[in-house]
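A.B. asks: Pasted the sequence and its predicted model underneath.
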Amino acid sequence: MNDKTYGKVHGAFRLALFFAALLWVGLTMLVLRPKTVMARSLWKQRMCRLIARCMNLQIDVIGDVPAEGMIVSNHLSYLDAVVLGAITPAVFVAKSEVRKWPLVGWLTAKGGTIYLQRENVRAAAEVNRALTAVMNEKSPVVVFPEGTTTGATDPLPFHPALYEPAMRTKTAVWPAALVYTVNGRSEYVAERVCYWGDMTFVPHLVGLMRLRNIRAVVRIAERPVAASNRNDAAAMSHEVVQTMLRDGLVVPSGFAAERTVVVQQASLA
């Protein structure tokens, strides 16, 4: 044990608490059975806030979270979905492999997640039809246009395919930049918080539960990108996210605590 990690017993307790939270969330889903897109999204937001609380995950937001539109973010870890899901009742697009994860796959599916089969050339068209329907209902959407997670500071190029529904429905595209720290430092993040390369889920999750003081900072752009086609939208939003990351995501004094309390007090009641 050191200043960055808890001992094995404490880590095991937090892991057990995490899975207990998932089971509780599953039971509430069976009881509540939300039917509409917005009802499922609100349920998923409460689920993400409960999970964040169990993990003692601090989430701070810079800027205003849009009530509707498509939020496009850099992608570092499966934890990103918890972070962004806690701050907005949005529909997410995730890789199809997530659907097969025990319990997590079932919960995300019930929460309205749209799955993308990356190896299927027709998959993007199917996802775009589903996204178009969601956007027509004015529900917020979260997309990770890199198409994969990385441990890098600079995001990979944003793929334009999933921007097409936003262009068709004239939905605003909001860039968002996401970073993590552990005990206020970033050098520990790439190997312990980010989930990428040949990492496997269970060992990574066990290590994640032992980390002390994980903090996520999300910065939302001041305005949506002004683009008339998907290629321009992808390029422009990538540039905005890259700029925000390079400028640094510094939370003003007194601002972080207010946002953090909102997340930690949330429940599924």
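C.D. replies: The structure has been received and is ready for your questions.

A.B. asks: Please enumerate the strands of the protein.
C.D. replies: Applying DSSP state E to the chain gives strands spanning 58-62, 70-73, 91-95, 114-116, 141-143, 173-182, 214-220.

A.B. asks: what's the most buried one of the ones you listed?
C.D. replies: strand 70-73 (a mean of 27; mean count of other Cβ atoms under 10 Å). C-betas here are computed from N, CA, C, even on glycine.

A.B. asks: List the neighbouring strands of that strand plus their orientation.
C.D. replies: The strands beside strand 70-73 in its sheet (DSSP bridges) come out as strand 141-143 (parallel), strand 173-182 (parallel).

A.B. asks: Please produce JSON lines containing these, extended by mean pLDDT and distance to G69.
C.D. replies: What follows is those, written out as JSON lines (pLDDT from 0 to 100; distance: least, Cβ to Cβ, whole Å):
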{"stretch": "strand 141-143", "mean pLDDT": "95", "distance to G69": "8"}
{"stretch": "strand 173-182", "mean pLDDT": "95", "distance to G69": "5"}
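
A.B. asks: just for the stretch 151-269 of the chain, where's the confidence low?
C.D. replies: 249-269 (pLDDT under 70).

A.B. asks: coming back round to it: do you know which of the strands of the chain lies nearest Y188?
C.D. replies: Closest to Y188 of the strands of the chain, according to Cβ to Cβ: strand 173-182, at 4.4 Å.

A.B. asks: List just the one of the strands paired with strand 70-73 that sits closest to G7.
C.D. replies: Of the strands paired with strand 70-73, nearest to G7 by Cβ to Cβ is strand 173-182, at 16.1 Å.
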